[in-house]
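Novice: compute the structure for the input listed below.
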Amino acid sequence: MAKSNGKAVPQVLSGRELGQNVSAEVDGNVLIIRVDLSQRHGESGSGKTTRIASTLGNRPLHEYASCDVRVGVNVYVPSPKETAKAMDA
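Specialist: Got it, this is the predicted structure:
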């Protein structure tokens, strides 16, 4: 176990799904987030972007050094119609 602020923390927290196409792991004191950029999960509510990955809010990761670590991730691209609008402008 590694030490942070004198407290023992896990060396590795293996990949854990945190939402749509988002997983995370902890290696020592490093948080590693994985997202498959080839995936698409529909348009946003406004229709301006297409969601690639999301935790759908803040999600608890794990107890790290006696504190509650939370992660919030949103990965998106402009929707095709927004891209077309920008090119016409």
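Novice: can you give me every residue that contacts the residue nearest to residue 35 when sequence neighbours are not counted?
Specialist: In this structure, residue 35 finds its nearest non-sequential neighbour in residue 53, 4.3 Å apart by CB to CB, 6 or more residues apart in numbering. Placement of C-beta: from N, CA and C, glycine included. Residue 53 sits next to 19, 20, 21, 22, 35, 36, 39, 41, 73, 74, 75 when contact means CB atoms under 8 Å, 6 or more residues apart in numbering.
Novice: nearest to residue 49, of those residues?
Specialist: Residue 49 has its nearest neighbour among the contacts of residue 53 in residue 74, at 9.0 Å by CB to CB.
Novice: grab the nearest non-local neighbour of residue 59.
Specialist: Sequence neighbours aside, residue 18 is the residue nearest to residue 59 in space, at 4.8 Å (criterion: CB to CB, 6+ apart).
Novice: residue 52 versus that neighbour, what's the distance?
Specialist: Using CB to CB, to the nearest Å, we find residue 18 at a distance of 14 Å from residue 52.
Novice: repeat for residue 46
Specialist: Applying CB to CB, the value for residue 46 to residue 52 is 16 Å.
Novice: the two: which has the busier surroundings?
Specialist: Each of residue 46 and residue 52 has its neighbours counted (other CB atoms under 10 Å); residue 52 has more, 19 against 8.
Novice: excluding its backbone neighbours, what's nearest the more buried one?
Specialist: Leaving aside its chain neighbours, residue 52 sits nearest to residue 75 (4.3 Å; criterion: CB to CB, 6+ apart).
Novice: shouldn't that neighbour be in contact with residue 54?
Specialist: Yes. In this structure, residue 75 is within contact of residue 54 by CB atoms under 8 Å, at 7.1 Å.
Novice: give the residues shared as contacts by the two.
Specialist: 21, 22.
Novice: residue contacts, the spatially most central residue of the chain?
Specialist: By CA atoms, centre = their mean, the chain has its centre lying nearest to residue 73, at 3.5 Å. With contact set as CB under 8 Å, 6+ apart, residue 73 has these partners: 18, 19, 22, 33, 35, 53, 54, 55.
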